[in-house]
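Asks: structural data only, the sequence is not supplied:
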């Protein structure tokens, strides 16, 4: 009888560790994806004097390439409806923590991509600018996700999913 109870406890611990490992793995993937998207957005081409990758599609392509390598699906773009999610603590830099509405129910383990240009809600760049007017401004690439647990035990313990977020600020290059 003692062996059966011990085996169940050890199995529950193992399942919890598996979910914890997945959460850390996906967190690293989300952070890498936001860094790559922000790096892409901030790049300045000195020969043309523009920031050719400062647009939703270019940033999303860079983010999605890293997400796919991390075992996550392509992101769902929140722009143009909500470019900068609202912070729940009122910070004006649009940093976490975010209000629950920033984690839209697009499904478990489905990243939602926000691109906040020049710290201005509502500003959306569907194409790269033809000049270097955004030089020195901030680009904030944000991924939010409802992390869905693989095991039923963790789902019941934590209510089905946990909010995960990664964001990276970079300054748009130029001269």
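Replies: Received, thanks. Since we're looking at a predicted model, the values are computed, not measured.
Asks: so what's residue 140 up against?
Replies: Applying CB atoms under 8 Å, 6 or more residues apart in numbering to residue 140 gives the contacts 38, 84, 93, 94, 95, 114, 115, 116, 119, 167, 168, 169. (Each C-beta comes from the backbone N, C-alpha and C, glycine too.)
Asks: isn't the second one right up against residue 114?
Replies: It stands for residue 84. Yes - using CB atoms under 8 Å, residue 84 makes contact with residue 114 at a distance of 6.6 Å.
Asks: one step back: out of the contacts of residue 140, which end up buried?
Replies: With neighbours counted by 16 or more other CB atoms under 10 Å, the contacts of residue 140 contain buried members at 38, 84, 94, 114, 115, 116, 167, 168, 169.
Asks: which stretches in the chain count as helices?
Replies: Ranges of helices in the chain, per DSSP state H, are 2-42, 56-69, 152-158.
Asks: the first one versus helix 56-69: what angle between them?
Replies: Regarding helix 2-42 and helix 56-69, their directions subtend 150 degrees when assessed with axes from the mean of the first three to the mean of the last three CA atoms, to 10 degrees.
Asks: ok now helix 2-42, how far from the chain's centre?
Replies: 16 Å (CA atoms, centre = their mean, to the nearest Å).
Asks: tell me, what residue is most central in the protein?
Replies: For the chain, the residue nearest the mean C-alpha position is residue 143 (1.5 Å; CA atoms, centre = their mean).
Asks: so what sits opposite that one in the bridge?
Replies: residue 113, residue 166 (DSSP bridges).
Asks: columns pLDDT and distance to residue 138 on top of the contacts of residue 140, output as JSON lines?
Replies: Shown next, in JSON lines, are the contacts of residue 140 (pLDDT from 0 to 100; distance: CB to CB, whole Å):
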{"residue": "38", "pLDDT": "97", "distance to residue 138": "10"}
{"residue": "84", "pLDDT": "91", "distance to residue 138": "11"}
{"residue": "93", "pLDDT": "90", "distance to residue 138": "8"}
{"residue": "94", "pLDDT": "90", "distance to residue 138": "9"}
{"residue": "95", "pLDDT": "92", "distance to residue 138": "11"}
{"residue": "114", "pLDDT": "96", "distance to residue 138": "13"}
{"residue": "115", "pLDDT": "96", "distance to residue 138": "11"}
{"residue": "116", "pLDDT": "95", "distance to residue 138": "8"}
{"residue": "119", "pLDDT": "90", "distance to residue 138": "5"}
{"residue": "167", "pLDDT": "95", "distance to residue 138": "11"}
{"residue": "168", "pLDDT": "97", "distance to residue 138": "11"}
{"residue": "169", "pLDDT": "97", "distance to residue 138": "6"}
